[in-house]
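1. Using only what follows, build the 3D model:
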Amino acid sequence: MTPLLQVTDLTKHFPIRSGVFRSAGGVIKAVDGVSFSIDAGQTLGLVGESGCGKSTTGRLLMRLLTATSGSIRLDGQEIAELRRSDLQEYRRRVQMVFQNPSSSLNPRQSVGSAIAAPLLAQRVTPTGGVKARVRDLMDRVGLRPDHYNRFPHEFSGGQKQRVGIARALALDPQLIICDEPVSALDVSVQAQVINLLEDIQRDTGVAYLFVAHDLSVVKHFADRVAVMYLGKIMEYGDSAGVFDAPKHPYTQALLSAVPHPDPAADRSGRIRLSGDLPSPADPPRGCVFQSRCPAYPLLDPQRRQSCTDSVPSGDIACHHTDSAGEALAAAPR
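-> Residues are numbered from 1 along each chain as shown. Below is the predicted model of the structure:
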């Protein structure tokens, strides 16, 4: 079966400009050869630490940024080639919920107008009219009818995010890119928004790309998970497999850092990464994680040398999954 969205070797490099004439002197490799797929009605969690390229990937999928190279296909159609009317049609099928619910809403625009904006921009006239459609969307996301003429400053963070979700649903998209939609919200409100997204997916069959750094939320919400580091996918697979039996050293280190709700819990298994995150302008050759990998110094010289080679293709970006796992088990916590 053809996936709804197929991303292959997606790359985005930003030029580094300096001097009086702003000439290019290198590039920032924000996204560097990312590949994944999303089936209809499925949720893919894209996780990783800040600065790894998660949000840039989402903006590339929306065509808010133009990819340097690679392929993005929706139902088999290459979107990099879309122009004007075709791109407008694509954006009816793919929508986005932004990270900051306050900055993503126009403070001078009422909630009703904000939700109606996609319908007006696409010249869509729903059955019963635009206003009836907006009120139906507001009801679906848990907003009251009297909220229609209110402005964003009159709402809490959770309510603003519900407005953003209603706006994304206005055109009945097939895919919604959720760029850390709950990171700015309180824990109790996070649960409400996640439950809302699950209810919408169950009712409409929409697929999600869920960008997040909160692994506990992703474990609960996502069907598949892609772990990203320095512009590359380190591990990719079913949510249960990645969380219960992570194979890449970076995934293991990331999961070991998840806070435990029990203050008395044993934290001796936490893997502490040393060193600073390498510059995306000059990443290490081969495995980009080698400079911080706790298992790398424990490998024999021959295996260590192979880490500078191109990482093999597959769901795990590691040359020595088994031996690295054994070395990581022996590494100091």
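2. how far away is residue 133 from residue 3?
-> Going from residue 133 to residue 3 by C-beta to C-beta, to the nearest Å gives 30 Å. Where C-beta positions appear, they are placed from N, C-alpha and C, glycine not excepted.
3. brain fart, residue 119
-> Residue 119 is 28 Å from residue 3, where distance means C-beta to C-beta.
4. name the helices or strands packed onto the strand or helix carrying residue 91?
-> Taking DSSP states H and E as the criterion, residue 91 maps to helix 85-93. On a contact count with 3 or more C-beta pairs under 8 Å, 6 or more residues apart in numbering; DSSP states H and E, helix 85-93 meets no helix or strand.
5. Make residue 1 into 47 and carry on from there
-> I'll keep to 47 as the first residue from here, and by that count the last item is helix 131-139.
6. after it comes which helix or strand?
-> Downstream of helix 131-139, the first helix or strand assigned by DSSP H and E is strand 140-143.
7. mind listing what's buried in the helix or strand that that next one is followed by?
-> Next in sequence after strand 140-143, counting helices and strands by DSSP H and E, comes helix 157-167. By neighbour count on 16 or more other C-beta atoms under 10 Å, the buried set for helix 157-167 is 157-158, 160-162, 164-165.
8. Work out the gap between helix 157-167 and the centre of the chain.
-> 25 Å (C-alpha atoms, centre = their mean, to the nearest Å).
9. Go ahead and flag the most central residue of the chain.
-> In the chain, the centroid-proximal residue (C-alpha atoms, centre = their mean) is residue 257; its distance is 2.4 Å.
10. can you pull up the bridge partners for that residue?
-> Counting by DSSP bridges, residue 257 is bridged to residue 92, residue 225.
11. Surely it and residue 101 touch.
-> Yes. At 6.2 Å, residue 257 and residue 101 qualify as touching, with contact defined as C-beta atoms under 8 Å.
12. which residues are in contact with both of the two?
-> Common contacts of residue 257 and residue 101 (C-beta atoms under 8 Å, 6 or more residues apart in numbering): 225-226.
13. Against residue 132, how distant is residue 188?
-> For residue 188, the distance to residue 132 - C-beta to C-beta - is 35 Å.
14. go on, residue 101?
-> From residue 101 to residue 132 the distance is 25 Å (C-beta to C-beta).
15. The helix or strand hosting residue 53: partners in the sheet, and parallel or antiparallel?
-> Element membership of residue 53 [criterion: DSSP H and E] is strand 51-64. According to DSSP bridges, strand 51-64 forms sheet pairs with strand 69-84 (antiparallel), strand 115-120 (antiparallel).
16. Just send these back as a markdown table, with distance to residue 295, mean neighbour count and mean pLDDT too.
-> Shown next, in a markdown table, are the strands paired with strand 51-64 (distance: least, C-beta to C-beta, whole Å; neighbours: other C-beta atoms under 10 Å; pLDDT from 0 to 100):
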| stretch | distance to residue 295 | mean neighbour count | mean pLDDT |
| --- | --- | --- | --- |
| strand 69-84 | 19 | 18 | 88 |
| strand 115-120 | 26 | 17 | 95 |
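17. Out of the ones you listed, the one nearest residue 57 is which?
-> Nearest of the strands paired with strand 51-64 to residue 57, taken as C-beta to C-beta: strand 115-120 at 4.6 Å.
18. Residues in contact with that closest one: which ones?
-> 50-57, 79-80, 106-107, 124-126, 136, 139-140, 220-221.
19. Of those residues, grab the buried ones for ChimeraX.
-> Buried members of the contacts of strand 115-120, defined by 16+ other C-beta under 10 Å, are picked up in ChimeraX with:
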select :50,51,52,53,56,57,79,80,106,107,125,136,139,140,220,221
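20. Residue ranges in the stretch 247-379 of the chain under the pLDDT threshold?
-> Across the stretch 247-379 of the chain, the ranges flagged by pLDDT under 70 are 311-314, 358-359, 368-379.
21. Mind jotting down where the helices sit in it?
-> Under the criterion DSSP state H, counting those that start in this stretch, the stretch 247-379 of the chain contains helices at 261-267, 285-290, 295-302, 347-352, 367-376.
22. Many thanks, have a good one.
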